[in-house]
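Chemist: Give me a model of this one.
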Amino acid sequence: MSKHPKFEMKFLDEGNFVKLLLARDEKLFCDYENEEAKSVRVRAPLPKKEKLLEMAKHWVSHDSRWESVEQWLHFYNECRDREIFEQVQEIRKSVKRISQNSKSKKIALDILNDHIKNKI
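Modeler: The predicted structure follows:
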């Protein structure tokens with residue numbers, strides 16, 4: 001068996017409604033729902049095919065590092081792969097933070113429930 005836990009995530013984002021389910025080693029530890037979530041914006045315009053080709057041609061003609069449009073586009077794709085990798089790493093860190101917070105919340109609720117039972 002692997003030393004690393006297996007995390008699974010399901011995420012639903014519908015504007016103001018957000019739902020997150022997280023499981024660790026097939027055991028659900030976070031069932032989060034928020035109906036008043038703030039909207040999230042990402043300012044990263046998607047390039048149109050023509051604009052991307054125009055940009056590639058520009059860099060090939062103005063920068064001696066690029067010998068062809070294909071070479072520049074290959075570089076462009078590698079950069080996007082690197083960005084995706086870094087974003088996935090951030091998601092992994094966030095999932096582990098959520099896991100720790102969920103455990104802390106459960107411990108606090110267990111203590112609270114024990115305290116309430118002992119008072120009665």
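Chemist: Would you map the helices across this protein?
Modeler: Ranges of helices in the chain, per DSSP state H, are 49-62, 69-119.
Chemist: E14 is nearest to which of those helices?
Modeler: Nearest to E14 among these is helix 69-119; the distance by C-beta to C-beta comes to 19.3 Å. In short, each C-beta sits where N, CA and C put it, glycine included.
Chemist: That closest one vs helix 49-62, what angle?
Modeler: Put simply, helix 69-119 runs at 120 degrees to helix 49-62, going by axes from the mean of the first three to the mean of the last three C-alpha atoms, to 10 degrees.
Chemist: what helices or strands is helix 69-119 leaning on?
Modeler: In this structure, helix 69-119 packs against strand 7-14, strand 17-24, strand 27-34, helix 49-62, with contacts taken as 3 or more C-beta pairs under 8 Å, 6 or more residues apart in numbering; DSSP states H and E.
Chemist: With I116 as the reference, name the closest of these.
Modeler: Of all these, it is strand 27-34 that lies closest to I116, at 22.2 Å by C-beta to C-beta.
Chemist: middle-most residue in the protein, spatially?
Modeler: Most central in the chain under C-alpha atoms, centre = their mean is I91, positioned 3.6 Å from the mean C-alpha point.
Chemist: domains for this structure, by residue range?
Modeler: 1-38, 45-120 (automatic domain parsing).
Chemist: Just send those domains back as TSV, with mean pLDDT too.
Modeler: Below are the domains of the chain laid out as TSV (pLDDT from 0 to 100):
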stretch	mean pLDDT
domain 1-38	88
domain 45-120	92
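Chemist: Show me the one of the helices and strands packed on helix 69-119 that comes nearest V42.
Modeler: Proximity to V42, assessed across these by C-beta to C-beta, is greatest for strand 7-14 (11.8 Å).
Chemist: Give me the contact list for that closest one.
Modeler: 18-24, 26, 37, 40, 92, 95-96, 99 (C-beta atoms under 8 Å, 6 or more residues apart in numbering).
Chemist: And for stretch 105-117?
Modeler: F29.
Chemist: mind saving the C-alpha coords of it as PDB?
Modeler: The C-alpha atoms that make up stretch 105-117 are tabulated as PDB, following Å, rounded to 0.1, in the frame of the first residue of the first chain:
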ATOM      1  CA  LYS A 105     -13.300  20.700  13.000                       C
ATOM      2  CA  LYS A 106     -14.300  17.000  13.700                       C
ATOM      3  CA  ILE A 107     -12.100  16.900  16.800                       C
ATOM      4  CA  ALA A 108     -13.700  20.200  18.100                       C
ATOM      5  CA  LEU A 109     -17.200  18.900  17.400                       C
ATOM      6  CA  ASP A 110     -16.400  15.600  19.200                       C
ATOM      7  CA  ILE A 111     -15.200  17.500  22.300                       C
ATOM      8  CA  LEU A 112     -18.300  19.800  22.200                       C
ATOM      9  CA  ASN A 113     -20.600  16.800  21.900                       C
ATOM     10  CA  ASP A 114     -18.900  15.000  24.800                       C
ATOM     11  CA  HIS A 115     -19.100  18.200  26.900                       C
ATOM     12  CA  ILE A 116     -22.800  18.600  26.200                       C
ATOM     13  CA  LYS A 117     -23.500  14.900  27.100                       C
END
